[in-house]
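J.: Kindly generate the corresponding structure for this input.
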Amino acid sequence: MKHFTKRLLVITLFSISTTIALGQDATQPKQIEPITIQSQGLIVIVPKSRDKLMAYSYLTSTWSQSDISVDVSVKINPTVGRSMAACQLGQEVHAYSAKSAVWAKLKLSQDNKIHFTVGDNFVMVYVKEVKEKEISKLYIFGEHSKAWSGVDLTTGEMLLNTQQKQ
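T.: Alright, predicted model coming up:
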């Protein structure tokens with residue numbers, strides 16, 4: 001019986017120390033790590049500082065960056081195609097082309113819902129106004145672009161983005 005009690009005590013102490021260790025890990029702040037994602041024509045980096053999006057073009061052998069302003073706790077998810085990249089941060093969509101080695105920022109108002117896709121040679125943003133039931137605007141950033149361009153799908157009016165390359 002003495003031997004059984006001793007083993008039970010050891011198992012109990014081990015269980016308690018494991019629980020304490022697991023509890024401590026759960027309360028520790030998460031370490032922010034840099035993000036790197038690459039494709040055939042580029043690599044995108046979000047540094048630990050979370051104050052910029054960076055890209056290196058294998059095609060032009062140059063670096064480019066787009067300044068961003070987000071809280072370090074905000075999850076940043078860059079998406080890449082063969083030679084294109086994009087990242088949505090709130091109501092902004094940042095797009096990069098490895099061929100033009102340029103970042104461009106599209107900033108939309110709060111009353112819009114945004115969805116974007118990244119293809120091999122373009123980034124497309126679909127905009128739906130909150131009051132509307134269907135997509136009302138379409139913006140495109142192509143592989144040779146230096147700025148966003150768009151069209152109002154209701155009127156056919158061309159939409160020029162006043163925010164040029166970053």
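J.: strands paired with the host helix or strand of residue 96, and their directions?
T.: Element membership for residue 96, per DSSP states H and E: strand 92-97. In the sheet, strand 92-97 lines up against strand 84-89 (antiparallel), strand 102-107 (antiparallel) (DSSP bridges).
J.: Report the distance from it to the chain centre.
T.: Relative to its chain's centre, strand 92-97 lies at 10 Å (Cα atoms, centre = their mean, to the nearest Å).
J.: on that earlier part again, switch the strands paired with strand 92-97 over to CSV; also include mean pLDDT, mean neighbour count and distance to residue 47.
T.: Glycine gets a C-beta too; all of them are placed from N, C-alpha and C. Formatted as CSV, the strands paired with strand 92-97 follow (pLDDT from 0 to 100; neighbours: other Cβ atoms under 10 Å; distance: least, Cβ to Cβ, whole Å):
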stretch, mean pLDDT, mean neighbour count, distance to residue 47
strand 84-89, 96, 23, 13
strand 102-107, 96, 22, 15
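J.: got JSON lines for those, with distance to residue 67 too?
T.: Listed next are the strands paired with strand 92-97 as JSON lines, based on distance: least, Cβ to Cβ, whole Å:
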{"stretch": "strand 84-89", "distance to residue 67": "11"}
{"stretch": "strand 102-107", "distance to residue 67": "9"}
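J.: Of all those strands, which one is nearest residue 35?
T.: Taking Cβ to Cβ, strand 84-89 is the member of the strands paired with strand 92-97 nearest to residue 35, at 9.6 Å.
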